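Trainee: sequence below, structure please.
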Amino acid sequence: WSPAQYLLFQIADKVSTPSIRSFEVDCLLEWNHYQYTGYYCAIPAAIAAFSIVCYAVIRAKNITRRKNDFFQKKFKLQEKVATARRNGKETAEIQAALDEMKVTPNFVALSLGAAATMRMGEQWETEDGSIARGPTE
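Mentor: Below is the predicted model:
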């Protein structure tokens, strides 16, 4: 669990224990049986909602990080090509690496394991005549 979820679980553990029903708390809140029942039923829903929000934030950060990494790598390759051209050097290898990055991958659709097959540049024909695409490495 993330630290925020763990903290929420600790708070929920302290708040949702039967010890909340004490004379002082009863006097302060003036809740009846239905309000206590609603409170105890709302705690799991609040934890679930908070967990979904945490997951969405972590996923959005991961997608943003992968996008930034991809575009920084692409930008560095573009700079290398420009520098090599200015110096009159051969740019075929660098240009080939840059051409592999022409198609921007769908970062949202990628799961954590699918990032390994992000580059699908190679194409060939299978034995039955259909076209197959695969990773270039």
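Trainee: mind giving me the packing neighbours of the longest helix anywhere in the chain?
Mentor: Using DSSP state H to define each element, the chain has its longest helix at helix 33-86. Contacts defined by 3 or more Cβ pairs under 8 Å, 6 or more residues apart in numbering; DSSP states H and E place helix 33-86 against helix 3-15, helix 92-100. Every residue, glycine included, has its C-beta placed from N, CA and C.
Trainee: what about the chain, any weak spots by pLDDT?
Mentor: 16-22, 110-124, 131-137 (pLDDT under 70).
Trainee: kindly recompute the last result at 80.
Mentor: 1, 12-26, 103-137 (pLDDT under 80).
Trainee: so what's the residue nearest in space to the middle of it up against?
Mentor: The residue lying closest to the centre of the chain (Cα atoms, centre = their mean) is Arg59, at 2.4 Å. Arg59 sits next to no residue when contact means Cβ atoms under 8 Å, 6 or more residues apart in numbering.
Trainee: same thing but 10 Å
Mentor: Residues near Arg59 by Cβ atoms under 10 Å, 6 or more residues apart in numbering: Val108.
Trainee: spatially nearest residue to Gln95, not counting backbone neighbours?
Mentor: Spatially, and ignoring its direct neighbours in sequence, Gln95 is nearest to Val81 (5.9 Å; Cβ to Cβ, 6 or more residues apart in numbering).
Trainee: neighbours around the one you found, how many?
Mentor: Val81: 17 surrounding residues under other Cβ atoms under 10 Å.
Trainee: ok, it touching Leu98?
Mentor: Yes: taking contacts as Cβ atoms under 10 Å, Val81 lies within contact range of Leu98: 6.1 Å.
Trainee: any residues in contact with both of those two?
Mentor: Thr91.
Trainee: what number of residues lie near Ala46?
Mentor: Residues contacting Ala46 under the criterion other Cβ under 10 Å number 13.
Trainee: OK, contacts around it?
Mentor: Leu8, Ile11, Ala12, Val15.
Trainee: what's the separation between the first one and Asn62?
Mentor: For Leu8, the distance to Asn62 under the criterion Cβ to Cβ, to the nearest Å works out to 21 Å.
Trainee: show me which of those two is the more surrounded one.
Mentor: The neighbour count for Leu8 versus Asn62, taken as other Cβ under 10 Å, is higher for Leu8 (18 against 14).
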